[in-house]
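> Structure of the sequence below:
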Amino acid sequence: MKNKKFITIGFISVAVAFLMMFSTTLFADSKQGDVAKEASRLEALAKFTKVISIVEQYNVDDVSIEELMDKALAGMMQNLDAHSNYLVAKDYKRLKVQTDGEFGGLGITVGIRDGALTVIAPLEGTPADKAGLKAGDIILKINEESTLNMTIDEAVSIMRGKIGDPIDITIVREGESKPIEVNIVRGNITIQSVYTKTIDDTILYVRVTSFDKKVQQDVEKAIKQHQGKTKGIILDLRNNPGGLLDQAVGLVDLFVDNGIVVSQRGRKDSDKQVYNASSSATITDVPLVVLVNGGSASASEIVSGAIQDHKRGVVVGEKTFGKGSVQVVLPITEDEAIKLTIARYYLPSGRTIQAVGVTPDIEVVSGSIKTNENGFSIKEADLKKHLKEELKKVDGVDAKEKEAVEEDLEDNKEIITEKMLNNDLQLKEGVDIIKALIIMKK
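Numbering: from 1, shown residues only. Coordinates of the predicted model:
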């Protein structure tokens, strides 16, 4: 028994010694790893300092250390991803002006797609929109300056300017055999984000052009104003480049009563967040159709993707842009900052938006419907009556009345006419779908 006791104690002692040795080894390895990592950092910083010193000393042009550092920082941020940037004083000031929501410019949102400066969307009613710029246009030149290797912030800097000053944009457009030069006069860009109209008195059409700080409030107000008559809603997010995340979440919450709206995941735990819908904010359960296209990006993709994942509505149109990353602006000094991508957005199903976009449930290309207004299709029983009506048309009586009615309808900014629907194939398809959903719900 005594021997067994000593043997047991011996085993325990050996085990403890082994564990201590193993722990010491792990600690030593960990410490050595930290030392090696720190040495590598110091070596990299020494290399950077050496290159800066050599360039400062031998470069053909005299460049100050401050200029070299700004160029180095800008190059580093630019090479992280298309949306990260180093903001010098003028860029940082410009960003603050943009956040205020009023500035002199074209009214165009751009992004980098496949290495090319691309129009995400012109904002409705702005100089760019009136000049005919479209989502997907590739910008080759701004005035006489090539956009090759130009950052988004550099492009925006050139396009903004004094109200009333002209600017030339050279674009490449799909389906066109040669580049197109567009002359635009800069305007004061103030954005109205929510427009509403009705279709056949029972369908509410809500157009959201960008996600500013009042989108949820304005859409909610519009729905409540028409709540008694509305049997279906069409939410138009085409050419909407995005905006504030909380407004996108709030907009979804008006239609979805529970579950995840969107989540963001980054490298740090603090960058991981989940945004949920709540029943208290939901105000309608009528059938819903969401219209999207290649100019729908960021917050627009969050809304359409969440509606799709929750099977709350039907998404119609074309595949969206695919901008699903989260940027924050981090001040470096009082006048300088960096815009850094810290996370990516994920839809309720877990799928990513970044570089993928949202594929509509029903894909419909943009275009118009050809109609034959002078078609001759009658039954024999109606022949006499019809011919009398045709004689009136020859005399111009009915034709004038019809023309006057159509003009009145088109001037009414609160309704969408049949003619307007025929000129917008995606919207026409959306209306047909919403009518079918209304019938199914009865």
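> from here on, contacts and neighbour counts on C-alpha atoms
OK.
> what's the burial count for the closest residue in space to residue 193 that isn't next to it in sequence?
Spatially, and ignoring its direct neighbours in sequence, residue 193 is nearest to residue 209 (4.9 Å; CA to CA, 6 or more residues apart in numbering). Neighbourhood size, residue 209 [other CA atoms under 10 Å]: 27.
> May I have the phi/psi pair for the nearest residue to residue 136 once chain neighbours are set aside?
Computed as CA to CA, 6+ apart, the closest residue to residue 136 that is not its neighbour in sequence is residue 119, at 5.3 Å. Backbone torsions for residue 119, taken as degrees, to the nearest 10, come to phi -70, psi 120.
> try residue 188
In terms of degrees, to the nearest 10, the main-chain angles of residue 188 are phi -80, psi 110.
> That one touches residue 105, doesn't it?
Yes. Applying CA atoms under 8 Å, one finds residue 188 in contact with residue 105, separated by 6.5 Å.
> Spell out which residues are contacts of both of those two.
Common neighbours of residue 188 and residue 105, counting by CA atoms under 8 Å, 6 or more residues apart in numbering, are residue 163.
> which of the two has more neighbours?
Comparing residue 188 with residue 105 by other CA under 10 Å, the one with more neighbours is residue 105, at 27 against 17.
> how far away is that one from residue 424?
According to CA to CA, to the nearest Å, residue 105 and residue 424 sit 28 Å apart.
> Poorly predicted segments of this protein, please.
Applying pLDDT under 70 to the chain flags the ranges 1-30, 96-103, 191, 371-413.
> would you list every one of the helices in the chain?
2-58, 65-78, 89-99, 127-131, 152-159, 215-225, 245-253, 299-309, 383-395, 397-411, 418-422, 425-441 (DSSP state H).
> Show me what counts as buried in the fifth one.
Within helix 152-159, the residues that qualify as buried are 152-153, 155-156, 159, counting by 16 or more other CA atoms under 10 Å.
> got it, and the second one?
Along helix 65-78, the positions that meet the burial threshold by neighbour count (16+ other CA under 10 Å) are 73-74, 77-78.
> for the fourth one, same thing?
Burial within helix 127-131, assessed by neighbour count using 16+ other CA under 10 Å, is assigned to 127-129.
> Among the residues you listed, which one lies nearest to residue 109?
For the buried residues of helix 127-131, the minimum distance to residue 109 (CA to CA) is 9.7 Å, reached by residue 128.
> any idea how far residue 257 is from the closest one?
Relative to residue 257, and taking CA to CA, residue 128 is found at 38 Å.
> Same question for residue 130.
For residue 130, the distance to residue 257 - CA to CA - is 39 Å.
> can you check residue 90 too?
From residue 90 to residue 257 the distance is 44 Å (CA to CA).
> Counting neighbours around each, name which of the two comes out higher.
Using other CA under 10 Å as the criterion, residue 90 and residue 257 rank with residue 257 on top: 20 against 11.
> beta partners for residue 346?
Beta-bridge pairing of residue 346 under DSSP bridges involves residue 263, residue 352.
> List the contacts of it.
Contacts of residue 346 by CA under 8 Å, 6+ apart are 262-265, 324, 352-353.
> Pretty sure residue 323 is one of the things residue 343 touches, is it not?
No. With contact defined as CA under 8 Å, residue 343 does not reach residue 323; the gap is 11.8 Å.
> more neighbours, those two?
Neighbour count, other CA under 10 Å: between residue 343 and residue 323, residue 323 has more, with 28 against 20.
> Could I get the contacting residues of that one?
The neighbours of residue 323, taking CA under 8 Å, 6+ apart as the test, are 297-298, 301, 353-355, 357.
> Just the buried residues from these, in ChimeraX please.
Restricted to buried positions by 16+ other CA under 10 Å, the ChimeraX selection for the contacts of residue 323 reads:
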select :297,298,301,353,354,357
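> any chance of the contacts of residue 323 in JSON lines, with distance to residue 364 too?
JSON lines is the format used below for these (distance: CA to CA, whole Å):
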{"residue": "297", "distance to residue 364": "18"}
{"residue": "298", "distance to residue 364": "21"}
{"residue": "301", "distance to residue 364": "17"}
{"residue": "353", "distance to residue 364": "20"}
{"residue": "354", "distance to residue 364": "22"}
{"residue": "355", "distance to residue 364": "21"}
{"residue": "357", "distance to residue 364": "16"}
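> Among the contacts of residue 323, which one sits closest to residue 440?
residue 301 (27.1 Å).
> give me the number of residues near the closest residue to the closest one other than its chain neighbours?
Once flanking residues are discounted, residue 301 sits nearest to residue 358: 6.4 Å by CA to CA, 6+ apart. Counted with other CA under 10 Å, the neighbours of residue 358 add up to 29.
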